[in-house]
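**Q** with the input below, show me the fold.
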Amino acid sequence: MKSFQECSELLNTNYRHYSAQNLGAIFYNDQEFQRALNFYHLAKTKYPYHNYSGTDIKLNSMRLASRISDCYVELDSLESAVLALLPHGLTTSPNPKNSLTDKILKLVDQYSDRQKFRVDLLQAIEKSKNIQGGIEIELFMERIKLYPYMQDAISKEDLRNSVLIRKLE
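**A** Model prediction:
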């Protein structure tokens, strides 16, 4: 068990996470999308968000994924925009209505063929590999790691029955 001081230090590291996100937002608003993307990725990887609430961590991760996706849209990289959202679109969400699923659908409808995307996604799910704590799929020649939000494990069946797959029909 961690001491109070260790817990306090862990939570106090979030200022770096929020600083990186805020710098990303500043650059995004200045239409410097590549710089914004760099700061959003820093917030995601180098300065991850810490909290003892799994729901809060998931919601923060979803907001960050949405911002990363927005940058990729502005940089005309549809595949990267979809891939940024996919881990949240295929897994359960703390929100009753997962807005990222709807965002993926809008991107697919705007730039691609919904049926082809569904077939490609289902093929990726069938070829998926189990990794520690989750599943890894490959789509658009990129590997995406999917982890469960609430359940102990995630399966191919869970992914095939996701809201995103059902809405793609």
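
**Q** residues making contact with the helix or strand encompassing residue 137?
**A** When elements are assigned from DSSP states H and E, residue 137 belongs to strand 134-139. With contact meaning C-beta atoms under 8 Å, 6 or more residues apart in numbering, strand 134-139 is reached by 83, 86, 120-121, 124-125, 127-130, 143-148, 154-156, 159. The way it works is simple: take the backbone N, C-alpha and C, and place the C-beta from them, glycine included.

**Q** which of those residues are buried? Put it as a PyMOL command.
**A** A single PyMOL command is used to select the members of those judged buried by 16 or more other C-beta atoms under 10 Å:
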select buried, resi 83+86+121+124+125+128+144+146+154+159
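
**Q** among the contacts of strand 134-139, which are located in strands?
**A** Mapping the contacts of strand 134-139 onto strands (DSSP state E) picks out 129-130, 143-146.

**Q** run through the chain and note the low-pLDDT ranges.
**A** 1-12, 93-97, 151 (pLDDT under 70).

**Q** and the longest helix seen in it, which residues are buried?
**A** Assignment by DSSP state H gives helix 54-74 as the longest helix of the chain. Using 16+ other C-beta under 10 Å as the test for burial, helix 54-74 gives 57-62, 64-74.

**Q** quick one: which of the ones in strands among the contacts of strand 134-139 is nearest to residue 44?
**A** Nearest to residue 44 among the ones in strands among the contacts of strand 134-139: residue 145, at 12.7 Å, using C-beta to C-beta.

**Q** which other helices and strands does the helix or strand containing residue 16 contact?
**A** Using DSSP H and E, residue 16 sits in helix 14-29. When contacts are defined as 3 or more C-beta pairs under 8 Å, 6 or more residues apart in numbering; DSSP states H and E, helix 14-29 packs onto helix 33-41, helix 54-74.

**Q** turn the ones you listed into TSV, including distance to residue 163.
**A** Formatted as TSV, those follow (distance: least, C-beta to C-beta, whole Å):
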stretch	distance to residue 163
helix 33-41	25
helix 54-74	14
